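Colleague: Following is a predicted model, sequence given first.
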Amino acid sequence: MIINTNPGAAMAARILGESSSALQKSLSRLSSGSKIASPSDDAAGTGVAMKFGAQINRIQAAKDNVGNAISFSQTQDGFLEKIGNALDRMSELAMLAQDETKTNADRALYHKEYDKLDDFITAIKDKDFNGVSLFSGGSMTVTVASDGNAFTAGAVTLGKIGASSTIATSGVATSASASAAVTALRTAISSIANDRAVVGANMARLESESSSLSVLKDNISSARSRIADVDVAQESANFARQQILVQSGTAMLAQANVLPQSALRLIG
């Protein structure tokens with residue numbers, strides 16, 4: 001029996017320290033929701049989770065870019081639809097103006113509406129989306145992937161309609177000019193139909209890219225979650241286990257500290 005050294009108490013103290021440290025880690029994981037309370041818990045996992053997190057943020061940013069591009073294309077299509085309706089009415093007016101039972105005074109009345117519709121179309125040519133021209137004819141490059149890959153959307157221009165076109169200069173004030181207007185309007189309607197097809201194709205591609213980015217983001221998030229997120233059920237069981245070990249370790253350390261007192265019976 002010895003007094004100066006108490007191996008039992010030293011071992012109990014060491015185990016109690018280990019259990020207390022494990023309890024603190026379990027408490028940190030449960031309170032933060034993260035499996036990696038410290039980089040030392042999983043050094044490799046920390047690095048992989050960090051890269052996944054950055055990729056997720058880039059994917060979301062690309063998805064936002066695609067969403068804005070879809071809104072841009074939808075705005076284009078909305079204006080093109082209005083232009084198409086205006087051209088349809090203008091072609092109807094041009095045909096009515098060719099009626100030989102009407103006088104030039106009658107045609108002047110048709111020309112008033114025709115001219116206002118042309119002004120409406122001309123004004124649309126200068127429309128923009130957040131300061132970016134809708135119908136400049138320039139291609140729009142949209143970043144559609146987290147690695148920077150881009151999609152070049154088809155360009156749309158309204159060069160065949162508006163103030164400088166045959167549509168505007170011909171008018172329907174006379175039967176001859178109305179006949180020329182019909183020819184120009186047929187070309188313009190065909191051009192607008194083509195532009196709407198281009199915009200529709202852009203939107204279809206962008207919507208597919210957006211859906212693809214959503215799928216990729218979900219899967220990357222799941223992969224990151226498996227590395228970094230704590231399993232609450234499993235960690236709760238571990239927390240309860242560590243609590244019991246700390247409590248029993250504390251009790252055993254107290255008992256180990258009492259053992260050397262038995263030597264007093266021999267001395268006494």
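Modeller: Looks like it arrived, so ask away. This one's a predicted model, so the numbers in the text were calculated from it and none came from an experiment.

Colleague: Going along the chain, name the helices of the stretch 1-150 of the chain.
Modeller: Applying DSSP state H, counting those that start in this stretch to the stretch 1-150 of the chain gives helices spanning 7-32, 43-97, 104-124.

Colleague: right, and those - which one's nearest residue 221?
Modeller: Closest of the helices of the stretch 1-150 of the chain to residue 221 is helix 43-97, at 5.8 Å (criterion: C-beta to C-beta). The way it works is simple: take the backbone N, C-alpha and C, and place the C-beta from them, glycine included.

Colleague: could you give the mean pLDDT of the closest one?
Modeller: Across helix 43-97, pLDDT averages out at 92.

Colleague: Show me this protein divided up by domain.
Modeller: Domain ranges of the chain: 7-33+231-267, 43-228, per automatic domain parsing.

Colleague: What's the mean pLDDT across the shortest one?
Modeller: Throughout domain 7-33+231-267, pLDDT has a mean value of 81.

Colleague: can you give me the end-to-end distance of it?
Modeller: 21 Å (C-alpha to C-alpha, to the nearest Å).

Colleague: For the helices of the stretch 1-150 of the chain, could you give me a markdown table that also reports distance to residue 262?
Modeller: Listed next are these as a markdown table, based on distance: least, C-beta to C-beta, whole Å:
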| stretch | distance to residue 262 |
| --- | --- |
| helix 7-32 | 12 |
| helix 43-97 | 48 |
| helix 104-124 | 101 |
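
Colleague: Mean neighbour count and distance to residue 157 for those - can I get that in CSV?
Modeller: Listed next are the helices of the stretch 1-150 of the chain as CSV, based on neighbours: other C-beta atoms under 10 Å; distance: least, C-beta to C-beta, whole Å:
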stretch, mean neighbour count, distance to residue 157
helix 7-32, 15, 55
helix 43-97, 18, 11
helix 104-124, 16, 12
